[in-house]
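[1] turn this into a model:
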Amino acid sequence: PTPSPPAVSELEKVIASMESLAASAATEHIEPADKDKALSEVSAAKAWLAAEQEKQAALPKHADPTLLTAQIDGKRASVETACAVLKKPKPAPKPAAVPPAAAPATAMDTDAAAPAAAAAAPAAVDMDLD
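    Numbering: from 1, shown residues only. Here you go, the predicted structure:
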């Protein structure tokens with residue numbers, strides 16, 4: 001059986017999609033080394049497909065095919081796996097840290113401060129003003 005044109009066109013579509021995704025602004029957060037690795041797999045698949053199609057085209061019609069749909073599907077799966085890193089979502093921005101002075105007082109903080117304030121107030125009241 002010869003490879004079906006849908007398998008070839010599906011692989012070509014995945015290759016084009018991954019190339020455009022890697023070049024887009026949506027992947028700016030991806031490490032360059034990871035991007036290069038994914039693009040290397042994409043270009044290897046592109047070169048493999050072209051070479052296999054040339055071999056297939058050179059064969060007479062009655063010869064067994066050299067390029068099979070299963071091979072094309074396997075190559076497409078390896079490209080999608082290698083390029084999965086390109087689909088990693090952008091990390092959410094870290095929330096701004098709240099300075100300790102601006103943090104709201106808890107019930108424990110106000111209870112601890114109340115006895116200290118009460119102890120200071122009687123000392124001021126005990127003064128003789130006569």
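[2] contacts and neighbour counts: CA atoms only from here.
    Fine.
[3] ok, P60 - contacts?
    Shown here is P60, which makes no contacts under the criterion C-alpha atoms under 8 Å, 6 or more residues apart in numbering.
[4] and the spatially most central residue of the chain, its phi and psi?
    A centroid search over the chain (C-alpha atoms, centre = their mean) returns K88, at 1.7 Å, as the residue closest to the centre. The phi/psi pair for K88 (degrees, to the nearest 10) reads phi -60, psi 130.
[5] how many residues are close by the residue lying closest to I15 once chain neighbours are set aside?
    Closest residue in space to I15, ignoring its immediate chain neighbours: V42 at 5.9 Å, by C-alpha to C-alpha, 6 or more residues apart in numbering. Residue neighbour count, defined by other C-alpha atoms under 10 Å, stands at 26 for V42.
[6] distance-wise, check the residue nearest to the centre of the chain relative to S43.
    For K88, the distance to S43 equals 20 Å [C-alpha to C-alpha, to the nearest Å].
[7] then L86?
    When C-alpha to C-alpha is the yardstick, L86 and S43 sit 15 Å from each other.
[8] compare these two (neighbour count), which wins?
    The residue with the greater number of neighbours, taking L86 and S43 and applying other C-alpha under 10 Å, is L86; the counts read 21 against 14.
[9] list the contacts for that one?
    The neighbours of L86, taking C-alpha under 8 Å, 6+ apart as the test, are 18, 21-22, 27, 30, 35, 38.
[10] how about these in a markdown table, adding neighbour count, distance to A7 and pLDDT?
    Converted to a markdown table, the contacts of L86 look like this (neighbours: other C-alpha atoms under 10 Å; distance: C-alpha to C-alpha, whole Å; pLDDT from 0 to 100):
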| residue | neighbour count | distance to A7 | pLDDT |
| --- | --- | --- | --- |
| M18 | 22 | 17 | 91 |
| L21 | 15 | 21 | 89 |
| A22 | 20 | 23 | 87 |
| T27 | 18 | 27 | 84 |
| I30 | 16 | 29 | 86 |
| K35 | 18 | 25 | 89 |
| A38 | 23 | 21 | 91 |
